[in-house]
Every structure is written in C-alpha cells, then in structure tokens.
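**Student:** The following comprises the amino acid sequence and a computationally predicted model.
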Amino acid sequence: MARKKSKRRFKRDLVKQLESTFDLERLDYQKKTRPVQGKAILFGVLAAFVIYSLGFAAGYSGWQNQVVDYALFAKMVWLMMIPASVIGVVTWLLVRNRLEYPVRTAMRDYIRSLEGEAGLLWRYLPLLNELAPDNLNCKEMMARSSEGKFDDLHPEDYGKAVSDLIALVRESGSKAISPESMEELEKNFSSDDA
C-alpha cells in the first residue's frame with residue numbers, strides 16, 4: 001500500500017515539476033500569433049482591393065473614352081479578380097511571416113534558455129516511452145533536445161510537444177508510472193547534477 005502511495009506522489013510531483021519548469025503561456029504559438037493573423041489577412045484583402053480597383057478604374061476610363069468596348073470591359077472586370085487575388089494571397093503570406101518573426105524569435109530564445117547546454121526535454125523520454133510511445137513529434141523534439149540542435153527548430157512543434165507531454169501525465173489517470181521509468185527519470189535528472 002505504501003508503494004502505491006509513493007508512485008502516486010511521484011506522479012503528482014512530476015506534474016508539478018513539469019508545470020513549474022515549462023511556461024505553457026510562452027510556448028503557446030497559436031495563441032501568440034492569433035492577433036498577427038488578423039492583421040495579415042487585412043493587409044492581403046487591402047492589397048487585392050487596391051489592385052482590383054486600379055484595374056477596374058483603368059477599364060472604366062477606357063470604356064468611358066470609348067477605347068474599350070463594353071464586352072471587353074465586362075470580361076476585364078472578371079479577369080482582374082485573378083491577379084488581384086494572387087497579389088492579395090502573396091501579400092498576406094509576406095505580412096504574416098514578417099509579423100510572426102518576432103514571436104518565433106522570442107519563443108526560440110525562451111526554448112534555448114530552458115534547454116541550456118545539456119538539454120531538458122530529453123530527460124522525460126522514459127515517461128513518453130511508457131505513456132505514448134507512438135508520439136513522433138515529442139520523440140523528435142526530445143532527440144533534438146539531447147543533441148542540442150535548435151537552429152532550424154519550429155517553436156510551435158516544441159510547444160506542442162511540451163503540452164502533449166504534460167497532458168499525457170495529467171490524463172494518465174490512475175495508471176501508475178513503472179518503477180523502471182521512475183528510476184530512469186531520476187537518473188536522467190541526477191546526471192545533470194554530477
């Protein structure tokens with residue numbers, strides 16, 4: 001009975017450790033970029049509107065001056081939607097990438113400060129192997145953590161891996177963590193202290 005209590009306590013302490021170590025607010029990429037996405041869409045729509053308006057104005061003035069006949073003007077009104085839409089989409093993508101860049105940079109800096117030289121996320125690998133061995137995103141981020149490769153890291157993947165790991169531990173319910181995994185976790189964290 002005492003053994004079960006220590007396993008539960010270990011799990012509860014593990015959840016507290018995960019929540020205190022990782023700031024999920026700073027790792028929530030979707031939440032941080034939501035306001036940026038609205039601005040980017042607005043810029044794309046405005047660019048498409050300006051291009052379409054210029055084409056329409058040119059066609060209308062040509063029709064008023066009888067340089068362009070009515071049938072050609074009617075076709076031109078519809079055909080101008082294609083380049084205007086393409087320019088709007090390109091503008092949206094460019095503006096979105098430019099506005100998301102500072103968010104990505106801040107998240108990368110936070111991840112580097114968390115990981116340090118020895119890495120941090122890889123230490124939870126025994127826990128992942130027991131609770132969700134088929135979570136490839138978490139495994140990839142843990143492999144990068146052990147190797148210290150964060151140059152081409154997508155911060156949204158790292159944030160998702162951390163939130164998945166915390167959710168796995170929280171939602172594992174009454175399933176206790178095996179003693180082997182507990183020992184391996186403790187060994188991973190004690191190797192940093194040595």
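**Tutor:** Okay, I see it. Residues are numbered from 1 along each chain as shown.

**Student:** Quick check: Gly116 vs Met141, distance?
**Tutor:** 15 Å (CB to CB, to the nearest Å). Bear in mind the C-beta positions are built from the backbone N, C-alpha and C, glycine included.

**Student:** More neighbours: which of these two?
**Tutor:** Met141 (26 against 10; other CB atoms under 10 Å).

**Student:** How confident was the prediction at that one?
**Tutor:** Looking at Met141, its pLDDT stands at 87.

**Student:** Excluding chain neighbours, give the residue nearest to it in space.
**Tutor:** Excluding the flanking residues, the one nearest Met141 by CB to CB, 6 or more residues apart in numbering is Ala161, at 3.9 Å.

**Student:** so where's the protein uncertain?
**Tutor:** Applying pLDDT under 70 to the chain picks out residues 1-8, 173-174, 176, 191-194.

**Student:** farthest residue from the center of it?
**Tutor:** Distance from the C-alpha centroid of the chain, by CA atoms, centre = their mean, peaks at Gln66 (54.2 Å).

**Student:** Could you check how far that residue is from Phe73?
**Tutor:** 11 Å.

**Student:** what's the residue most central in space within the chain in contact with, if anything?
**Tutor:** With distances taken as CA atoms, centre = their mean, Glu156 lies nearest the centre of the chain, 2.2 Å away. Contacts were defined as CB atoms under 8 Å, 6 or more residues apart in numbering; by that measure Glu156 touches 29-30.

**Student:** next one: Asp28
**Tutor:** Asp28 touches 159, 163, counting by CB under 8 Å, 6+ apart.

**Student:** Dihedrals phi and psi, Gly119?
**Tutor:** phi 80, psi 160 (degrees, to the nearest 10).

**Student:** Name the nearest residue to it, sequence neighbours excluded.
**Tutor:** Once flanking residues are discounted, Gly119 sits nearest to Ser145: 4.1 Å by CB to CB, 6+ apart.

**Student:** Would you agree the one you found is in contact with Gly116?
**Tutor:** No: contact criterion CB atoms under 8 Å: Ser145 and Gly116 do not qualify, at 10.1 Å.

**Student:** Helices of this protein, residue ranges please.
**Tutor:** Under the criterion DSSP state H, helices of the chain are mapped to 2-21, 29-64, 70-79, 81-115, 125-131, 136-147, 155-171, 179-193.

**Student:** Now do the fifth one: which elements does it pack against?
**Tutor:** Right, helix 125-131. Under the contact criterion of 3 or more CB pairs under 8 Å, 6 or more residues apart in numbering; DSSP states H and E, helix 125-131 touches helix 136-147, helix 155-171, helix 179-193.

**Student:** Dump the C-alpha coordinates for the first one into PDB.
**Tutor:** Presented in PDB, the C-alpha positions along helix 136-147 are these (Å, rounded to 0.1, in the frame of the first residue of the first chain):
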ATOM      1  CA  LEU A 136       6.500  11.100 -33.000                       C
ATOM      2  CA  ASN A 137       6.500  14.900 -32.500                       C
ATOM      3  CA  CYS A 138       7.600  14.500 -28.900                       C
ATOM      4  CA  LYS A 139      10.200  12.000 -29.800                       C
ATOM      5  CA  GLU A 140      11.700  14.200 -32.500                       C
ATOM      6  CA  MET A 141      11.800  17.200 -30.100                       C
ATOM      7  CA  MET A 142      13.400  15.000 -27.400                       C
ATOM      8  CA  ALA A 143      16.000  13.800 -29.900                       C
ATOM      9  CA  ARG A 144      16.800  17.400 -30.800                       C
ATOM     10  CA  SER A 145      17.000  18.300 -27.100                       C
ATOM     11  CA  SER A 146      19.600  15.500 -26.400                       C
ATOM     12  CA  GLU A 147      21.600  16.600 -29.400                       C
END
